[in-house]
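A.B. asks: Sequence below, structure please.
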Amino acid sequence: MLQHQSEYTWMSFMISFRMLQPQIFQLSVVAAFDALTSSEKLYAHHMSRAAWAGTRIILRQVSPEANGIFDLIIALHHACDGQWEALSQRTGVGMPDIDRFLDYAATFLSNVGNYIGSGDQKFIPDISPESLTRLAAVSPSATQLLDGIKVQLYQQLPNCLGVPNGLAQSAYYLGNDCLKSPEDTSAILSAMEKKGVFPENTRLRKSTPPDGITVYDLLQASVQQDESDLDILAADKKLRLIRGDHKQELEKICASLLSASQNVANPAQNQLLTELHDSFLNGDLNTYRSSQRIWVKDKAPRVETVLGFVEPYRDPLGVRAEFEGIVGIADTKETFVLRKLAEMGSRLIP
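C.D. replies: Numbering: from 1, shown residues only. Below you'll find the model as predicted:
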């Protein structure tokens, strides 16, 4: 695990990073997928597309530069069609540096961002900025993407997620000193509770326009867009609700949910998808909570899904949630073995 110390040089930081080699495993799902019915396969497909569409939401929640890094990785892959040896020859960048870039790309994609998923510490490419610039020169789009994120990509600070300061950053809180005032933060949470607005699918942005009135914008994830004054926090401070955060991603998710609803296994799944769709459409988390009560009643489905703003661990206040999308297919043989083991548990454990 990397920890920042003021005496670290850029090179010593990179040497520390070289100890973190990504482990690559192949997930074999062919047998499990082939065992599904045609309808179950279509359900799994469309739910997987919904989960994947949420990737950019997660990236946006992790760091301001994460979506740009993702685009750069994809742009370089497209530029060489995955033929990295050919890219090495075209750019004059040696394969050791190519491997360092691929190590970074694998780590980034595995963690869905440039901060470690377990520990929330930033990791930096082991390839030098000069070599990465030469790689990006293979296409104008890659060059433009790198120019937009190079500083953030390589800078050591902030080096972790947390309350925004010199050492940490949080993409849940935008604008200068968004969490500087504990009194404002408490008043905002109280106003949200009073108005029935849940925090999980929101971000908070602070701005001070020329009129001197401090404005806190509560950015709520939804397809529908509008804004309204939510509360007056003080004579010179107000809170607004702005719907439409992550709009483009949620539109794709809603479209996939509608397609998946044509291939549900039972009425409960149909109701689940309907309420998930409506929640993502209008941002209402009461509807989302209702969908989860349905979800727990769908016992042992062949295709298991988790979708929504559910994990609050990365929010320094512990109330705003990271988007999560998971689609799992039950392995019939392994499930049978585990069920038998569970039945034997009382005899095996005294």
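
A.B. asks: from here on, contacts and neighbour counts on C-alpha atoms
C.D. replies: OK.

A.B. asks: Helix, strand or coil: sort out Ile24 for me.
C.D. replies: coil (DSSP: H, G, I helix; E, B strand; the rest coil).

A.B. asks: center of this structure, which residue is that?
C.D. replies: Most central in the chain under Cα atoms, centre = their mean is Ile58, positioned 1.6 Å from the mean C-alpha point.

A.B. asks: Quickly list what the closest residue to Glu227 other than its chain neighbours is bridged to.
C.D. replies: Counting by Cα to Cα, 6 or more residues apart in numbering, Ile242 is the residue found nearest to Glu227 once chain neighbours are left out, at 4.3 Å. Beta-bridge pairing for Ile242 (DSSP bridges): Leu219, Glu227.

A.B. asks: okay but His46 is in contact with Cys254, surely?
C.D. replies: No. Counting by Cα atoms under 8 Å, His46 stays clear of Cys254, with 10.4 Å between them.

A.B. asks: need the helices for the stretch 51-200 of the chain, in chain order.
C.D. replies: 55-62, 66-80, 84-91, 95-111, 129-136, 140-154, 182-195 (DSSP state H, counting those that start in this stretch).

A.B. asks: In CSV: those helices, plus distance to Trp295 and mean pLDDT.
C.D. replies: Converted to CSV, the helices of the stretch 51-200 of the chain look like this (distance: least, Cα to Cα, whole Å; pLDDT from 0 to 100):
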stretch, distance to Trp295, mean pLDDT
helix 55-62, 22, 98
helix 66-80, 31, 98
helix 84-91, 44, 98
helix 95-111, 26, 95
helix 129-136, 45, 98
helix 140-154, 39, 97
helix 182-195, 25, 97
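
A.B. asks: Give me the mean pLDDT for stretch 202-210.
C.D. replies: Stretch 202-210 shows a mean pLDDT of 93.

A.B. asks: got a list of contacts for that stretch?
C.D. replies: With contacts defined as Cα atoms under 8 Å, 6 or more residues apart in numbering, stretch 202-210 is touched by 171-178, 214-221, 245, 320.

A.B. asks: Would you mind listing which of the residues you listed are buried?
C.D. replies: 171-174, 178, 214-221, 245, 320 (16 or more other Cα atoms under 10 Å).

A.B. asks: These in strands, which ones?
C.D. replies: Using DSSP state E, the subset of the buried ones among the contacts of stretch 202-210 located in strands is 173-174, 214-221, 245.

A.B. asks: Stretch 264-284: which residues count as buried?
C.D. replies: 264-265, 268-284.

A.B. asks: ok, now stretch 199-216?
C.D. replies: So for stretch 199-216, counting by 16+ other Cα under 10 Å, buried means 199-207, 214-216.

A.B. asks: what's the first-to-last distance across it?
C.D. replies: In stretch 199-216, first residue to last residue: 14 Å (Cα to Cα, to the nearest Å).

A.B. asks: State the mean pLDDT of stretch 282-302.
C.D. replies: 95.

A.B. asks: now it, how far from the centre of its chain.
C.D. replies: 20 Å (Cα atoms, centre = their mean, to the nearest Å).

A.B. asks: and what of stretch 127-141?
C.D. replies: 26 Å.

A.B. asks: ok, now stretch 244-252?
C.D. replies: With Cα atoms, centre = their mean as the basis, the distance from the averaged C-alpha position of stretch 244-252 to the chain average is 13 Å.
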